[in-house]
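Novice: pasting a predicted model and its sequence here:
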Amino acid sequence: MHPILIQFGPVTIRYYGLMYFIAAMVGGWLLAKEVRRKEIPLSSDDSWNLIMYCLLGGILGARIYYVAFNWSYYGQNPSEIPAIWHGGLAIHGGLIGGVLIGIWFVRRHRVSFWQLADAGAPSVILGQAFGRIGNFMNGDAHGTPTTMPWGIVFPPESIAGHQFGPVPLHPTMLYELVLNVLTFVFLWSIRKRPWGDGFIFCLYLICYSVVRSIVTFFRADDLYLGPLRAPHVASALLILVAGGYIIKNRLWESKPVPSGKPRRR
């Protein structure tokens, strides 16, 4: 495995960037499809713009979050702050950045945040799955040493190889890749049911929080809040908030269908 796909003179195409591009293309197509199905008053161009804005906002939020937790290093090495290809994107920071961009977007276009969030949730989790392929090729978001037969020895020049050397590690990025794809299949399969607005998005937050909490037990590079792993703390908060919103608003109940309008299945 190698982080660079193609290098031609000064032009370098990395797997990291390629996976983000694929995630944006697939996510944009799925979002536009859902926007049309849900009859949200947005054009196809608006849907694509939203994906690009949220992707950029997510990357920026993920980087700021990671740098803030590792300021003792980045404060001494400011040139490394923009070097996301060296690893260092925290998904919970990405969620914060993406949601903030989403709030700005819906206010600008005067559409429902929850309807749009429901439409975009499957795209987000699938995009995260693509991102883990980039992590795998880059040798970051790696796991702890393991004696399991599927343990992987990463190249010595990678972040994982630099930390552990020629030792088999849990391929945690692949664990999360599989679990993210399963979450996408689950959300995509139930999306057409007449849930209350916000149910699919909240369910995404809960499902991903469970996924990340499981994978975190095997991660070697997690951020910490004192003695606690930051992903565990953030995931617990998301489960409480999203679960509370579902229960408070009874989102599992079918929302009313306007008279004379057939219910979509």
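Specialist: Yep, it's here.

Novice: low-confidence ranges in the stretch 51-200 of the chain?
Specialist: Scanning the stretch 51-200 of the chain for pLDDT under 70 picks out the ranges 87.

Novice: which residues in it form helices?
Specialist: 71-74, 91-109, 113-138, 159-164, 172-190, 199-216 (DSSP state H, counting those that start in this stretch).

Novice: and Pro3, which of these is closest to it?
Specialist: With CB to CB as the measure, helix 113-138 is the member of the helices of the stretch 51-200 of the chain nearest Pro3 (4.5 Å). Any C-beta I mention is one placed from the backbone N, CA and C, and that applies to glycine too.

Novice: Cys207 and Pro231, how far apart?
Specialist: 15 Å (CB to CB, to the nearest Å).

Novice: wait, Cys54 sits on Ala119?
Specialist: No: contact criterion CB atoms under 8 Å: Cys54 and Ala119 do not qualify, at 11.9 Å.

Novice: would you mark the buried spots in the helix or strand harbouring Val35?
Specialist: Val35 is located in helix 15-37, with elements delineated by DSSP states H and E. By neighbour count on 16 or more other CB atoms under 10 Å, the buried set for helix 15-37 is 15-16, 18-20, 22-24, 26-28, 30-32, 34-35.

Novice: same question, stretch 239-249
Specialist: Ile239, Ala242, Tyr245, Ile246.

Novice: what do you get for stretch 41-55?
Specialist: Result for stretch 41-55 [16+ other CB under 10 Å]: buried residues Leu42, Asp46, Ser47, Trp48, Leu50, Ile51, Cys54, Leu55.

Novice: show me which pair in those residues is furthest apart.
Specialist: Taking CB to CB, no two of these sit farther apart than Leu42 and Leu55, at 16.8 Å.

Novice: on that earlier part again, name the helices or strands packed onto the helix holding Val35?
Specialist: Under the contact criterion of 3 or more CB pairs under 8 Å, 6 or more residues apart in numbering; DSSP states H and E, helix 15-37 touches strand 4-8, helix 44-69, helix 113-138.

Novice: neighbours of the closest residue to Val67 other than its chain neighbours, how many?
Specialist: Spatial nearest neighbour of Val67, chain neighbours left out: Tyr74 (4.8 Å); criterion: CB to CB, 6 or more residues apart in numbering. Number of residues near Tyr74 (other CB atoms under 10 Å) recorded here: 18.

Novice: then Ala90?
Specialist: As a measure of burial, Ala90 has 23 neighbours, counting by other CB under 10 Å.

Novice: just checking, it touches Tyr65?
Specialist: Yes: with contact taken as CB under 8 Å, Ala90 and Tyr65 are classed as touching, separated by 4.3 Å.

Novice: tell me who's in contact with the residue lying closest to Phe130 once chain neighbours are set aside.
Specialist: Leaving aside its chain neighbours, Phe130 sits nearest to Ala23 (4.1 Å; criterion: CB to CB, 6+ apart). With contacts defined as CB atoms under 8 Å, 6 or more residues apart in numbering, the neighbours of Ala23 are Leu55, Leu126, Gly127, Gln128, Phe130, Gly131.

Novice: how does it look with 10 Å?
Specialist: Counting by CB atoms under 10 Å, 6 or more residues apart in numbering, Ala23 makes contact with Ile51, Leu55, Ser123, Val124, Leu126, Gly127, Gln128, Ala129, Phe130, Gly131, Ile133, Gly134.

Novice: separation between the second one and Tyr16?
Specialist: Between Leu55 and Tyr16 the distance, using CB to CB, works out to 13 Å.
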